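J.: Need a 3D model of the sequence below.
(chains A and B)
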Amino acid sequence: MNRTQRFGYGVASIATLLAIWYAGGITYPEVLPGLPETVDSLVTVLTTPGPYDHMFYFHVWKTIEMLFASLIVSMILGTLLGIALGRSETLESTISTWIYAWLAIPSLVIVFISAIWIGFNASSGFFAVPVVITPFVALNMWEGARNLDSDLAEMAEFFGADRVQMFTDIIVPQLAPFLFASFRSALSIGWKITLLVEAFLLTRGVGFMFRRYFDQYDLPTMMSWLIIFVVFLIVVEYGVLAPLHERVMRWRPDAEGVRVTE
Amino acid sequence: MMMAAEERSVSSETTGETLELRDIVKHYPRPGQGRIQVLDEVDLDVESGAFVSLLGPSGCGKTTLMNVISGLVEPTEGTMRRGGRDVTPNDLSLGYIFQEPRLLDWKTVAGNIEFALEARDVPESEWDERVTRYLEMVNLDTEGDNYPTRLSGGMKQRVAIARALAIEPEIILMDEPFSSLDEITARDLRQELLDIWQREQKTILFVTHDINEAVFLSDYLYMMNSNGKMFARRNIGIDRPRQYDDPEIAQREAELYREFHEHVVE
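T.: Numbers count the residues shown, from 1 in each chain, chains lettered A, B, ... in the order given. Reported below is the predicted structural model:
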């Protein structure tokens, strides 16, 4: 499929969704807020200050701040932990069970416990979100570290590569796909946990807005906030992650670009 | 261990002398069952400028012996000597071509060669010239900017050969480099290898389990059995250039096969 076709299908799928939404809003108004009402609330949310006199971008920024601060912490900790697990058999047999136990703790429980330990403030969020997403990153990177090619390491050792070369030219490129996969899953899980924290514990951020308009039974405004944040996540994926991924993985043979000679 | 090759330099006094391996023993501990003997008092002479093959069945320790010479594996016992003095792998100027190309898929063909040059501390000002020269030597001068994932198996192995040549070693270790290629590609590469070997005056130690390949390529060969024991050294004694369909090669191959069979299958 070429670029134009792909774009065409993308536009068609969005148009179809909007059409179904419009029809659904008329048929079941109590389930689905109407498309026109939602557009109205979206305009209101985007143009007028909300609770505590904050514009929408204040809340979006607060959510992004918590989400990305947590992502940075989790990516670092999870990567270190995952690589350690993948490289050391002792460590693997000692703590791998705990990773699975950690993954099994419901995120809601982690959020509640953080609130009891730390209090009803943002610090709880900055603690709870990394705690929830770090094991997902660790699991991914563990898999990546386990699959490092020892033949390549031996080749590099023979030619006399130093630690820096070994790391940047041999190890990082092999882990790159796993870093991307980790980041994507951490992003999608992390944003849900951030909303949970904001809805239960805080008085700012996108999660708080959901809670507030849920209390008021205002479905169109909840929809507006959902749209704002989903659009943001799509921009992150297509504007940052996908192009970066493509750049880093340029060497991969793709269906169209393969040119096998001889 | 990771730095094994860092300080590698050629000690010029011993260049040109025969590399002599004496009584090389290597065994690995096997939990609860004593140990596995991989190399059993192996003696091997690599004469300067010669094409030497090491013939043995799969899993007989040929690769381990190569790794002992290259410094990737520490022998349990034994010495390497050259010109009457003991040498370590660091004293030798070596290139290594593995069974698999072992290229970095995320670097271009030229980038892969530069990786080796950087690892060997070759000044960056020489890189371009070396990359061009050695890619031309393996007939890949137009593929420098291409990625290895887009090359065929034979071309990848050519890149690996160029990479080994680019560090300008005196002795090249080759571990069954053509065994995973189809026979037509392998024959072309063998011929090209002989051309390069003669023109560049390299010494080659070539591991194989293919008697025909060993006879076609070598000046002399060593035969090893599955217990890691070297049991014979034989000269090939056929004039070069050799032809694949030369009856002399077939005859020599048959003789060596008989001898090999007697020792290996017991």
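J.: Let me see the domain layout of chain B.
T.: As assigned by the TED database, chain B contains the domains B:19-92+B:170-265, B:105-168.
J.: touching chain A at all, the shortest one?
T.: Yes: among the residues of domain B:105-168, B:105-107, B:115-116, B:118-121, B:143, B:146-152, B:154-155, B:167 lie within reach of chain A under CB under 8 Å from any CB of the partner chain. (C-beta placed from N, C-alpha, C; glycine too.)
J.: residue contacts, B:V159?
T.: Counting by CB atoms under 8 Å, 6 or more residues apart in numbering or on different chains, B:V159 touches B:101, B:103, B:109, B:112-113, B:138, B:140, B:143, B:148, B:151.
J.: So which bits of chain B are right by chain A?
T.: B:1-6, B:8, B:70-72, B:96, B:98, B:100, B:102, B:104-107, B:115-116, B:118-121, B:143, B:146-152, B:154-155, B:167, B:185.
J.: what about A:A115, distance to chain B?
T.: 45 Å (CB to the nearest CB, to the nearest Å).
J.: ok, that residue touching A:F200?
T.: Yes: applying CB atoms under 8 Å, one finds A:A115 in contact with A:F200, separated by 7.1 Å.
J.: residues contacting B:I97?
T.: Residues in contact with B:I97 (CB under 8 Å, 6+ apart) are B:157, B:160-161, B:164, B:172-175, B:177.
J.: which phi and psi does it have?
T.: Backbone geometry at B:I97, expressed as degrees, to the nearest 10, gives phi -120, psi 120.
J.: For it, list each beta-bridge partner.
T.: Beta bridges link B:I97 to B:M174 when assigned by DSSP bridges.
J.: Could you tell me how many residues sit around the residue in the stretch 51-200 of chain A that chain B sits nearest to?
T.: Residue nearest to chain B within the stretch 51-200 of chain A: A:G160 (3.1 Å; CB to the nearest CB). Counted with other CB atoms under 10 Å in any protein chain shown, residues neighbouring A:G160 total 22.
J.: same thing with the one 5 residues further on?
T.: In terms of burial, A:Q165 registers 15 neighbours under the definition other CB under 10 Å.
J.: okay, and for the chain, where does confidence drop off?
T.: I went with chain A, as the question did not name one. A:253-262 (pLDDT under 70).
J.: The chain in question should be chain B.
T.: Confidence mapping of chain B against pLDDT under 70 gives the ranges B:1-14, B:265-266.
J.: now do 80
T.: Applying pLDDT under 80 to chain B flags residues B:1-16, B:31-34, B:59, B:265-266.
J.: how close does the residue lying farthest from the centre of it sit to B:T76?
T.: In terms of distance from the mean C-alpha position of chain B, B:G32 ranks first, at 34.4 Å (CA atoms, centre = their mean). B:G32 sits 19 Å away from B:T76, taking CB to CB, to the nearest Å as the criterion.
J.: Which stretches in the chain count as helices?
T.: Using chain A. A:3-27, A:35-47, A:56-87, A:89-104, A:107-118, A:122-146, A:150-159, A:163-165, A:172-201, A:206-215, A:219-235, A:242-248 (DSSP state H).
J.: Chain B, not that one
T.: B:62-70, B:109-119, B:127-137, B:153-166, B:183-200, B:211-217, B:247-264.
J.: among those, which is nearest A:W142?
T.: Nearest to A:W142, of all these, is helix B:109-119, at 27.1 Å by CB to CB.
J.: what helices or strands is the closest one leaning on?
T.: Where contact means 3 or more CB pairs under 8 Å, 6 or more residues apart in numbering or on different chains; DSSP states H and E, helix B:109-119 is packed against helix A:150-159, helix A:163-165, helix B:127-137, helix B:153-166.
J.: Next up, the contacts around the closest residue to B:A162 other than its chain neighbours.
T.: Leaving aside its chain neighbours, B:A162 sits nearest to B:Y134 (4.2 Å; criterion: CB to CB, 6 or more residues apart in numbering or on different chains). When contacts are counted by CB under 8 Å, 6+ apart, B:Y134 touches B:113, B:162-163, B:165-166.
J.: Against chain A, how distant is B:Y134?
T.: B:Y134 sits 14 Å away from chain A, going by CB to the nearest CB.
J.: related to what we said a few turns ago, can you name the two of the contacts of B:Y134 that are farthest apart?
T.: Between any two of the contacts of B:Y134, the greatest separation by CB to CB is 9.1 Å, found for B:I113 and B:L165.
J.: who's more crowded, these two?
T.: Taking neighbours as other CB under 10 Å, B:I113 and B:L165 compare with B:I113 leading, 27 against 23.
J.: how close does that one sit to B:K202?
T.: 17 Å.
J.: same question, B:T185
T.: Relative to B:K202, and taking CB to CB, B:T185 is found at 22 Å.
J.: Of those two, which one has the most company?
T.: Neighbour totals were compared for B:T185 and B:K202, and B:K202 leads with 21 against 17 (other CB under 10 Å).
J.: of all the helices of chain A, which lies closest to B:D219?
T.: Across the helices of chain A, B:D219 has its closest neighbour in helix A:150-159 (25.0 Å, CB to CB).
J.: quick revisit: out of the helices of chain A, which is closest to B:D40?
T.: Nearest of those to B:D40, taken as CB to CB: helix A:150-159 at 23.8 Å.
J.: So for that closest one, what gets flagged as buried?
T.: A:152-159 (16 or more other CB atoms under 10 Å in any protein chain shown).
J.: Can you list the neighbours in contact with it?
T.: With CB under 8 Å, 6+ apart as the test, helix A:150-159 has contacts from A:165-166, A:169-170, A:174, B:1-2, B:4-5, B:70-72, B:96, B:98, B:100, B:102, B:104, B:115-116, B:119-120, B:167.
J.: tally of neighbours for residue 30?
T.: You didn't say which chain, so I picked chain A. Neighbour tally, A:E30, other CB under 10 Å: 6.
J.: wait, I meant chain B there
T.: Neighbour tally, B:R30, other CB under 10 Å: 9.
J.: Not counting its neighbours along the chain, what's nearest it?
T.: Excluding the flanking residues, the one nearest B:R30 by CB to CB, 6+ apart is B:I36, at 5.2 Å.
J.: Would you check that the one you found makes contact with B:K26?
T.: No: under the criterion of CB under 8 Å, B:I36 makes no contact with B:K26, lying 9.3 Å away.
J.: Between the two, which has more neighbouring residues?
T.: It is B:K26, of B:I36 and B:K26, that has more neighbours when counted by other CB under 10 Å, with 22 against 12.
J.: beta partners for that one?
T.: Going by DSSP bridges, B:K26 forms beta bridges with B:L39.
J.: OK, contacts around it?
T.: Taking CB under 8 Å, 6+ apart as the test, what B:K26 contacts is B:37-39, B:61, B:64, B:68, B:73, B:75-76, B:228.
J.: so can I have TSV of those residues showing neighbour count and distance to B:L193?
T.: Converted to TSV, the contacts of B:K26 look like this (neighbours: other CB atoms under 10 Å in any protein chain shown; distance: CB to CB, whole Å):
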residue	neighbour count	distance to B:L193
B:Q37	16	32
B:V38	24	27
B:L39	27	26
B:G61	27	24
B:T64	19	23
B:V68	25	23
B:V73	18	25
B:P75	21	28
B:T76	15	32
B:G228	24	27
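J.: Which single one of those is nearest to A:Y52?
T.: Proximity of those to A:Y52 (CB to CB) peaks at B:V73, which lies at 68.8 Å.
J.: for that closest one, what are its contacts?
T.: So B:V73 contacts B:26, B:64, B:67 (CB under 8 Å, 6+ apart).
J.: now, among those, which is nearest to A:D40?
T.: Among the contacts of B:V73, and counting by CB to CB, the member closest to A:D40 is B:N67, at 73.5 Å.
J.: State the distance from the closest one to B:V207.
T.: 11 Å.
J.: So which bits of stretch A:236-246 are buried?
T.: The neighbour-count check on stretch A:236-246 (16+ other CB under 10 Å) flags A:236, A:245 as buried.
J.: how far is it from where the chain is centred?
T.: 13 Å (CA atoms, centre = their mean, to the nearest Å).
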